[in-house]
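[1] Have a look; sequence and predicted model below, questions after that.
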Amino acid sequence: MRKILFREALREAMVEEMERDDSVFLMGEEVAEYNGAYKVSQGMLDQFGAKRVIDTPIAELGFAGLGIGAAMVGLKPIVEMMTFNFAILALDQVVNTAAKMRYMSGGALSCPIVIRGAGGAGGALGAQHSQSLEAQYAHIPGLKVMMPATPYDAKGMLKTAIRDPDPVIFIEGEILYGTEGEVPEEEYLIPMGKGDIKRGGKDVTLIAWSRMVHLCLDAAEELAKEGIDAEVIDLRTIRPFDREMIAESVKKTNRAVIVEEGWPMASVGGAVSDWIARELFDYLDAPVGRIHQRDVPMPYAYNLEAATLPKVEDVIAAVKKATYTKS
Amino acid sequence: MAKKGSKKPTESGEKKTGEMPKLDAKIGKRLRKELGDDRLVEMYDLMVRMRRFEEQAGRSYQMGKIKGFCHLYIGQEAVAAGSIGALKDRDYVVAGYREHAQAMARGMEENDIMAELYGKASGVSKGKGGSMHLFDVDKKFYGGWGIVGGQIPTATGVAFAAKYREEDAVCIVYMGDGTVPQGAFHESLNLASIWDLPVVYIIENNGYGMGTAVNRISAVEDMSTKAASFNMKGVRVEDAQDVFKVYETISEAVEYARKENRPTLVQLDTYRYRGHSMSDPATYRTKDEVTREQQRDPIQRFTQWLVENKIRTEDELKEIDAQAKAKAKAAAKHADGEDFPSLDALTEDVYVEWPWAFD
Ligand SMILES: Cc1ncc(C[n+]2csc(CCOP(=O)(O)OP(=O)(O)O)c2C)c(N)n1
């Protein structure tokens, strides 16, 4: 199968959906003439013209809100946030308008908008530019949150997000844009809320999403050398998350370790852990393990940055704790 | 800048494109009397040091010594030198992310700034801030903001505090042309006006926000006119590559803030020679445009003025440049030799509830 980059997979998803539905358009800072700050929208202005690929001022609240308004009356905007660090400025419109429009209008209105862009840690970008903020969206009823880990998933998931009748927050790991993977030529969709087993195993379940999936796969390789067979599952969609997949895996391995790039307090990992502890208590042979970023803003100094992010060794240590293996 | 193609003649004479316009002679004469030759040479020295420091930062970045984002100021030196030069020590400065040179203008040392860019513990923010987050409380330098527009409300609050405590101090805040469409800008200016705050809002209009030309994001090109909607004074300096004009305009705004507690919105038209950041090749503008803008180079024009007015000889100015280069190089060497922060620093200076990495 052909291999393409993560960013190309995202572009293909947008291009295909814009070709099939002319109410879909792309809007955001530098998406058009600059071809995207991370080059995700490369060539799209040429293909679709300035009516459908639109450069905005640096006014996140304004253009996200505009997108939400357009969505309320039937358009299907894809709003690119250069990074989710800046999407915070638009949070009012997303939380107070988009998320609850269907509910508070008694079903009369909805907001089929996709808000997408880079998230997670970058390379030495410091405290304001290097954050995993998915938890704040996952917290909000009315929003769906997707975070792909591979080019294949990125394409199929983004197409689903664009077709979804509700607001979808679509966070792309900044470090993943340049990663390569197999993506078929023919069309496919990945359902909302459906996770994926990225590596089968029987001794412990590693639960992750976005970039942390790759960290878990690396850790699983190391663990295999020591005879521990880890299953790596990728949630892909954070809200709703795939409870069935988790249950099936944990019933098999009896152990779970959740690995997330974000902070530990009131986090996605916290919510998933809570669910496992209550629903799968009888199947657990150890407390649910959790790996996360240290509970501090991201430091610039690169030695400290490495020390605050989850590492392969952390995953290995947590697995050993869960499997009562001496390290 | 921003008016591509329609290069307007400067006040110092109708210049053909390609010739370097002179600094404003009248203001120059006045400032010479007011400040004295040595002070003007100091200002020149500062601008040359800014340029050489930034060039060195660019090289260090390419060597991988500086990481992350690094936004260079090359071309905009007259703005930082002219505006901060107009302040007293008790005044406050709040800046965005393109702030290395502004920090220098405020008296922060090259060595300490460079150490920060290298992520070293002896840097101005203990290595935890980096290029976009320089702070020095003693020098009243606040910022480094990485979020476009985030500094505007905060600076307004700094001015509020200065007035509250009757400090007779003014706050100046820098922002790019890209910040003006943001709500934070409009909300802040309104507050500053209704509450009579001593603040000077400086829009550094360098023509672009990343790759987007200013006329594509703003309904008006002269954004100082927005002051009218807040019942505030608005001033535009179309040639802010002239350090004298910047100095004079900001001096007036600062004095007005000091005496009347009234804000001013100033637009300074300048130009950045490099891309938005080290990762931007800046293909959205033509070589011709950059070359044309470089004809207004703030440092070369200052050189010419100092020589023509026989304040320093060309050789003396070359010596200043040589020293600036040496200083920048020494700063890089210094930064290279310093230590990274210790791992304990990770949980210092923050309230941490959950200091462990896993459980
Ligand atoms: C709220 C927010 N949105 C987007 C960005 C990404 N970004 C950083 S700088 C920049 C352009 C800013 O241009 P301008 O204000 O004109 O300042 P200049 O870089 O020209 O000095 C953008 C879009 C950001 N840092 N913060």
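    Sure, I can see it.
[2] ok, for B:Y273, nearest residue in space, not its chain neighbours?
    B:G75 (4.0 Å; CB to CB, 6 or more residues apart in numbering or on different chains). Yep, even glycine has a C-beta here, placed from its N, CA and C like the rest.
[3] Oops, could you answer that again for B:V173 instead?
    B:A155 (3.4 Å).
[4] I figured that neighbour was touching B:T179, is that so?
    No. Using CB atoms under 8 Å, B:A155 is not in contact with B:T179; the gap is 11.4 Å.
[5] isn't A:F170 right up against A:D153?
    No. Counting by CB under 8 Å, A:F170 does not reach A:D153; the two are 11.3 Å apart.
[6] joint contacts of these two?
    Shared contacts of A:F170 and A:D153 (CB atoms under 8 Å, 6 or more residues apart in numbering or on different chains): none.
[7] Can stretch A:88-98 be said to contact the ligand?
    Yes. Remark: stretch A:88-98 sits within contact range of the ligand at A:L89, by CB under 6 Å from any ligand atom.
[8] Over to stretch A:67-79?
    No. Stretch A:67-79 lies out of reach of the ligand by CB under 6 Å from any ligand atom, never closer than 12.8 Å.
[9] Show me what that stretch is in contact with.
    A:14, A:21, A:23-28, A:63-64, A:93-94, A:97-98, A:101, A:109-116, A:162, A:167.
[10] From these, list the buried ones, please.
    Buried members of the contacts of stretch A:67-79, scored by 16 or more other CB atoms under 10 Å in any protein chain shown, are A:14, A:24-28, A:63-64, A:93-94, A:97-98, A:101, A:110-116, A:162, A:167.
[11] residues contacting the residue positioned nearest the centre of chain A?
    By CA atoms, centre = their mean, chain A has its centre lying nearest to A:M147, at 1.6 Å. Contacts of A:M147 were listed using CB under 8 Å, 6+ apart, and they are A:119, A:134, A:170-173, A:209-210, A:235-238.
[12] circling back to that earlier point, just the buried ones among the contacts of stretch A:67-79: which are in strands?
    Here DSSP state E is the test, and those give A:24-28, A:114-116 as lying in strands.
[13] Going by distance to the ligand, which of those wins?
    For these, the closest approach to the ligand (CB to the nearest ligand atom) belongs to A:G28, at 9.7 Å.
[14] List the contacts of the nearest residue to the closest one once chain neighbours are set aside.
    Using CB to CB, 6+ apart and skipping the chain neighbours, the partner closest in space to A:G28 is A:E80 (3.2 Å). Shown in contact with A:E80 (CB under 8 Å, 6+ apart): A:26-29, A:31, A:36, A:40-41, A:116-117.
[15] what kind of secondary structure is A:E80 in?
    strand (DSSP: H, G, I helix; E, B strand; the rest coil).
[16] before we move on, what about B:I202?
    Secondary structure assignment for B:I202 (three-state DSSP): strand.
[17] Tally up the residues packed near it, please.
    27 (other CB atoms under 10 Å in any protein chain shown).
[18] From chain A, how far off is the residue nearest to B:Y273?
    B:G75 sits at a distance of 20 Å from chain A (criterion: CB to the nearest CB, to the nearest Å).
[19] Check whether that residue really touches B:T270, as I assumed.
    Yes. With contact defined as CB under 8 Å, B:G75 reaches B:T270; the gap is 6.8 Å.
[20] The two: who's more crowded?
    Ranked by neighbour count (other CB under 10 Å), B:G75 and B:T270 place B:T270 first, with 27 against 24.
[21] so what's the residue of the stretch 201-327 of chain A found nearest the ligand up against?
    Nearest to the ligand in the stretch 201-327 of chain A, going by CB to the nearest ligand atom, is A:M298, at a distance of 14.7 Å. By CB under 8 Å, 6+ apart, A:M298 lies in contact with A:121, A:125-127, A:129-131, A:305, A:308.
[22] Serialize these to JSON lines and add fields for distance to A:K76 and pLDDT.
    Below are the contacts of A:M298 laid out as JSON lines (distance: CB to CB, whole Å; pLDDT from 0 to 100):
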{"residue": "A:A121", "distance to A:K76": "31", "pLDDT": "95"}
{"residue": "A:L125", "distance to A:K76": "31", "pLDDT": "97"}
{"residue": "A:G126", "distance to A:K76": "35", "pLDDT": "97"}
{"residue": "A:A127", "distance to A:K76": "35", "pLDDT": "97"}
{"residue": "A:H129", "distance to A:K76": "29", "pLDDT": "97"}
{"residue": "A:S130", "distance to A:K76": "31", "pLDDT": "97"}
{"residue": "A:Q131", "distance to A:K76": "28", "pLDDT": "98"}
{"residue": "A:E305", "distance to A:K76": "38", "pLDDT": "96"}
{"residue": "A:T308", "distance to A:K76": "38", "pLDDT": "96"}
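[23] which residues in the stretch 101-250 of chain A form helices?
    Using DSSP state H, counting those that start in this stretch, the helices of the stretch 101-250 of chain A run over A:101-104, A:134-138, A:151-163, A:211-225, A:243-253.
[24] okay if I get those helices as JSON lines plus distance to chain B?
    Formatted as JSON lines, the helices of the stretch 101-250 of chain A follow (distance: least, CB to the nearest CB, whole Å):
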{"stretch": "helix A:101-104", "distance to chain B": "21"}
{"stretch": "helix A:134-138", "distance to chain B": "14"}
{"stretch": "helix A:151-163", "distance to chain B": "22"}
{"stretch": "helix A:211-225", "distance to chain B": "12"}
{"stretch": "helix A:243-253", "distance to chain B": "18"}
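[25] Kindly reformat these as a markdown table containing distance to B:D38 and mean pLDDT.
    Below are these laid out as a markdown table (distance: least, CB to CB, whole Å; pLDDT from 0 to 100):
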| stretch | distance to B:D38 | mean pLDDT |
| --- | --- | --- |
| helix A:101-104 | 65 | 97 |
| helix A:134-138 | 55 | 98 |
| helix A:151-163 | 61 | 99 |
| helix A:211-225 | 56 | 98 |
| helix A:243-253 | 73 | 98 |
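[26] Deepest-packed of the ones you listed, please.
    Of all the helices of the stretch 101-250 of chain A, helix A:151-163 carries the top mean neighbour count, a mean of 25, counting by mean count of other CB atoms under 10 Å in any protein chain shown.
[27] what distance separates that helix from the middle of the whole chain?
    11 Å (CA atoms, centre = their mean, to the nearest Å).
[28] where do the strands sit along the stretch 251-359 of chain B?
    For the stretch 251-359 of chain B, the strands defined by DSSP state E, counting those that start in this stretch occupy B:264-269.
[29] Alongside chain A, which residues does it contribute?
    B:284, B:340-341, B:343, B:345-347, B:350, B:352-359 (CB under 8 Å from any CB of the partner chain).
[30] how about 7 Å then?
    B:284, B:340-341, B:343, B:345-347, B:350, B:352-355, B:357-359 (CB under 7 Å from any CB of the partner chain).
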